[in-house]
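# The sequence and its predicted three-dimensional model are supplied below.
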Amino acid sequence: MNYWLVKSEPFVYSWNDFVTAGKSVWDGVRNYQARNNLQAMKEGDWVLFYHSNEGMEVVGIAQVLKEAYPDPTTDDPRWVVVELVPVQPLAKPVTLKQIKADNRLDQIALIRQSRLSVMPIRPEEFDVILSLSQNEST
């Protein structure tokens, strides 16, 4: 089991859009490292959904429904997509500010590679973010 974080600008494709759709093809990725991460995703892997640029917070949990296949939005065979399904919103969004302030997350890719749109996270980082979402004092 692997854990991932995907980023989307909420004015382009929000968590609510994702929930309304019921599943999504994660397409349009044109960065080689992010593409490699898509290729590494396996059915059943857990995914945190992050609103970038606007909001800048983790808002929900998704799961990989279908593993990588050619991106139908391009004829270029280098690019792939995965299918994701929403599982549940976080009890409370976890902001980038909270993530940066938590020493347990000082190595998370969201901070170290902030421009990457698809990134792996460690299981313990996933758990910390869920914990922060449940914490009433934040």
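On my side now, so go ahead.

# Where does residue 43 sit: helix, strand or coil?
coil (DSSP: H, G, I helix; E, B strand; the rest coil).

# Please disregard the earlier target; I meant residue 110.
helix.

# Kindly provide the distance from it to residue 133.
Distance, residue 110 to residue 133, by C-beta to C-beta, to the nearest Å: 15 Å. Glycine gets a C-beta too; all of them are placed from N, C-alpha and C.

# got the CA positions of the helix or strand containing residue 16 in CSV?
Here residue 16 is covered by helix 15-21, with elements defined by DSSP states H and E. Provided in CSV are the C-alpha atoms of helix 15-21 (Å, rounded to 0.1, in the frame of the first residue of the first chain):
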residue,chain,number,x,y,z
TRP,A,15,-13.0,18.5,-4.1
ASN,A,16,-16.7,19.2,-4.5
ASP,A,17,-16.4,18.8,-8.3
PHE,A,18,-14.6,15.4,-7.7
VAL,A,19,-17.3,14.3,-5.2
THR,A,20,-20.1,15.3,-7.6
ALA,A,21,-18.4,13.4,-10.5
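
# buried set for the helix or strand where residue 131 lies?
With secondary structure defined by DSSP H and E, residue 131 is part of helix 123-134. Neighbour-count burial for helix 123-134 flags 125, 126, 128, 129, 130, 132, 133 (criterion: 16 or more other C-beta atoms under 10 Å).

# got the contact list for stretch 10-22?
Contact with stretch 10-22 is made by 8, 24, 49, 51, 53-55, 59-60, 62, 84-86, 89, as judged by C-beta atoms under 8 Å, 6 or more residues apart in numbering.

# now swap in stretch 64-82 and tell me
4, 23, 25-30, 35, 38-39, 41-45, 47, 83-85.

# what does stretch 115-125 give?
In contact with stretch 115-125 (C-beta under 8 Å, 6+ apart) are residues 1-7, 26, 29, 31, 33-35, 37-38, 40, 48, 52, 104-105, 107-110, 113.
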